[in-house]
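Asker: Turn this into a model:
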Amino acid sequence: MTAFTRRNVLKGALAGAAAVVPAATATAHATSPAGVALVRSRLTLPSGIATGDVTADSGVLWSRASGPGRLVANLLAVDEDGSPLRGGRAFQRVLRGSAASENTDFTSRINAGHLPAGTRFALTLHFEDADGNAGETAQGSFSTAPGQGPLSSGRAPRKQSFVWTGDTAGQGWGINEEIGGMRGYAAMHATKPDFFIHSGDTIYADGPIAAQVTEPGGQIWRNLVTEEVSKVAETLNEYRGRHRYNLMDRNIRALYAEVPVIAQWDDHETTNNWYPGEILTDPRYTERRVDVLAARGRQAWQEYQPVAGLSTRAGDASTGFEPARIYRKISRGPQLDVFCLDMRTFKDPNTDGRETHPTHILGEEQARWLIQEVSRSKATWKVISADLPLGLIVPDGPVNQESLANRDAGAPLGKELEIAGVLSAFKRNRVKNVVWLTADVHYCAAHHYSPERAGFTDFDPFWEFVAGPINAGSFGPGELDGTFGPEVAFHKTGAYANQSPRSGENQFFGHVDLNEDDVFTVSLRNANGTVLWSKALHPER
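Answerer: Have a look, this model is predicted:
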């Protein structure tokens, strides 16, 4: 991907639209009886800007205002030098989004559609108040995926790259400005990816963040703190405050302004290891009905993530996204489709996982959707972004299991039966080039699954790659369950349990480079950007 700076990506843009307007005040014409000018505060952008779910012809534009207003976007198609495209490739559009109010914590989004494929855009966002006064303007950029058709840029399909990870601000490790904040986000940004998959645990609503933490060896870790992160989140405002907190980090804001996000949720957006219908026994909570907490957590998550949904069209059959759904398909052109799962909303209770009848981790509707959409996909590569690993044992207490693995290497049982059905359908429908990506377990790993080693054999071999945490405590390794025949090709863990992000050596992200020949090269990297392991996968035709 060509390097774009904030300067060259906006070169030649309309001066009025592209200029950054700092947080300021505007003086009204009227004056008070004492002769002192009345002052109106301009709307600011306290949480930066973001784009998300960007396809070949669409994307979501997001920001948050300091008060009531309406989001306004200016999109300008630019070349590699940041100059406006000319002639038939010229494209400029002004879009207005939903109203930002207390009902959405002053967040707003715009569903930008009918965009030309394979095109770089300079983006400016600001809010207008009720009188039409423009507030602070922020600049960003993004690229639509390669594609063909009447709205394409006319260029041949090009390569693309992306990064993925999970686990932000967990185990009490928040924003430490003494080490430069959440530096793992800067390392991902430095790879200049075309998009970023956040594989879940976008916040840790159940993990209070203290001003100071003493690390092993006596070093003091100093966090930025806010009132909302000082306790477990229970109210809607406390859940919202967790998202506001993460966006205080300059590295996150810089990445989100220039790299589209595909966000999914897992457990810590609500509380640890939750499932529908659970009643908590944790004494830190006054509200112990998980369904109540999950509804608040979900509202805050959807308000703060740049995904389609709130204040936009009710549903989109092409992606599977509806107000009641988080799982969806993001088409990245002829090379790649991303299937973003929700392994939380439809999950059955955590048990030992050895039921002889199927229990749910996807739910029947999502499992059917996944089989159908992956089987129909014409893209060379089908990436399944899962918020839980398939073969790693993730305990929930001494007996129960959080994930689907159940410590039994034989035939599928419990939640494994649902995944076995998915894998069998892929084989039956002759689906090729499926790769699973995940985070969750707080270390990085490469797992190869094969029926030759498995207790269940009705599936084709595939890879699963694990990356994370990006800014949380590192752990691992976990134990593998042999039902689907996983084998460890590589792993890297923390030096000890709950190792802080101070050094960056044991926090992780993954990077994928997809070249013109459709070679899918995966690398696992630490939060300093060092490549630890890589593997080139060649497509089956």
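
Asker: which residues in the stretch 251-400 of the chain form strands?
Answerer: Using DSSP state E, counting those that start in this stretch, the strands of the stretch 251-400 of the chain run over 261-263, 328-331, 336-340, 381-385, 395-396, 400-401.

Asker: quick one: the helix or strand that comes right after the last one to strand 381-385, angle?
Answerer: Tracing the chain past strand 400-401, the next element assigned as helix or strand by DSSP states H and E is helix 415-428. Orientation check (axes from the mean of the first three to the mean of the last three Cα atoms, to 10 degrees): helix 415-428 against strand 381-385 gives 170 degrees.

Asker: For helix 415-428, what is the distance to the chain centroid?
Answerer: Relative to the mean C-alpha coordinate of its chain, helix 415-428 is positioned 25 Å out (Cα atoms, centre = their mean, to the nearest Å).

Asker: got a list of contacts for that helix?
Answerer: 348, 353, 357-362, 367, 370-371, 374-375, 390, 403-406, 412, 434, 456, 458-460, 462, 483-484 (Cβ atoms under 8 Å, 6 or more residues apart in numbering). All C-beta atoms are positioned from the backbone trio N, CA, C, and that covers glycine.

Asker: now swap in stretch 392-406 and tell me
Answerer: By Cβ under 8 Å, 6+ apart, the list of residues contacting stretch 392-406 from outside reads 267, 273, 350-354, 361, 388-391, 407, 413-416, 418-419, 440-441, 447, 466, 478-481, 483.

Asker: okay if I get the strands of the stretch 251-400 of the chain as TSV plus distance to residue 294 and mean neighbour count?
Answerer: What follows is the strands of the stretch 251-400 of the chain, written out as TSV (distance: least, Cβ to Cβ, whole Å; neighbours: other Cβ atoms under 10 Å):
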stretch	distance to residue 294	mean neighbour count
strand 261-263	16	23
strand 328-331	19	23
strand 336-340	18	24
strand 381-385	20	23
strand 395-396	16	18
strand 400-401	19	18
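
Asker: Turn these into a markdown table, columns for mean pLDDT.
Answerer: Formatted as a markdown table, these follow (pLDDT from 0 to 100):
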| stretch | mean pLDDT |
| --- | --- |
| strand 261-263 | 98 |
| strand 328-331 | 96 |
| strand 336-340 | 98 |
| strand 381-385 | 98 |
| strand 395-396 | 96 |
| strand 400-401 | 96 |
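
Asker: Dump the ones you listed into JSON lines; add distance to residue 506 as well.
Answerer: Formatted as JSON lines, these follow (distance: least, Cβ to Cβ, whole Å):
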{"stretch": "strand 261-263", "distance to residue 506": "24"}
{"stretch": "strand 328-331", "distance to residue 506": "30"}
{"stretch": "strand 336-340", "distance to residue 506": "27"}
{"stretch": "strand 381-385", "distance to residue 506": "23"}
{"stretch": "strand 395-396", "distance to residue 506": "21"}
{"stretch": "strand 400-401", "distance to residue 506": "25"}
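
Asker: Of these, which is nearest residue 502?
Answerer: Closest approach to residue 502 among the strands of the stretch 251-400 of the chain is made by strand 261-263 (25.6 Å; Cβ to Cβ).

Asker: can you give me how far the closest one is from the chain middle?
Answerer: Chain-centre distance of strand 261-263: 3 Å, with Cα atoms, centre = their mean.

Asker: What of stretch 531-541?
Answerer: Distance of stretch 531-541 from the chain centroid (Cα atoms, centre = their mean) equals 23 Å.

Asker: same check, this time on stretch 165-173
Answerer: Centre to centre, stretch against its chain (Cα atoms, centre = their mean), the figure for stretch 165-173 is 13 Å.

Asker: Over to stretch 504-518?
Answerer: Centre-to-centre, stretch 504-518 and its host chain are 15 Å apart (Cα atoms, centre = their mean).

Asker: for stretch 435-443, same thing?
Answerer: Distance of stretch 435-443 from its chain centroid, counting by Cα atoms, centre = their mean, is 13 Å.

Asker: mind listing what's buried in it?
Answerer: 435, 436, 437, 438, 439, 440, 441, 442, 443 (16 or more other Cβ atoms under 10 Å).

Asker: show me where pLDDT drops low in this protein?
Answerer: Within the chain, the segments meeting pLDDT under 70 span 1-40, 148-157, 309-324.

Asker: what's around the closest residue to residue 211 other than its chain neighbours, how many residues?
Answerer: Distances taken as Cβ to Cβ, 6 or more residues apart in numbering place residue 225 nearest to residue 211, at 5.1 Å, with adjacent residues excluded. As a burial measure, residue 225 scores 16 neighbours (other Cβ atoms under 10 Å).

Asker: related to what we said a few turns ago, write a PyMOL command that selects only the buried members of the contacts of helix 415-428.
Answerer: PyMOL command restricting these to the buried ones, with burial defined by 16+ other Cβ under 10 Å:
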select buried, resi 348+353+358+359+360+361+362+367+370+371+374+390+403+404+405+406+412+434+456+459+460+462+483+484
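
Asker: shouldn't residue 333 be in contact with residue 146?
Answerer: Yes. Residue 333 sits in contact with residue 146 when judged by Cβ atoms under 8 Å, with a separation of 3.9 Å.

Asker: got any residues that touch both of these two?
Answerer: 56, 117, 118, 157, 160.

Asker: For the second one, identify the helix or strand it belongs to.
Answerer: Under the criterion of DSSP H and E, residue 117 resides outside all helices and strands.
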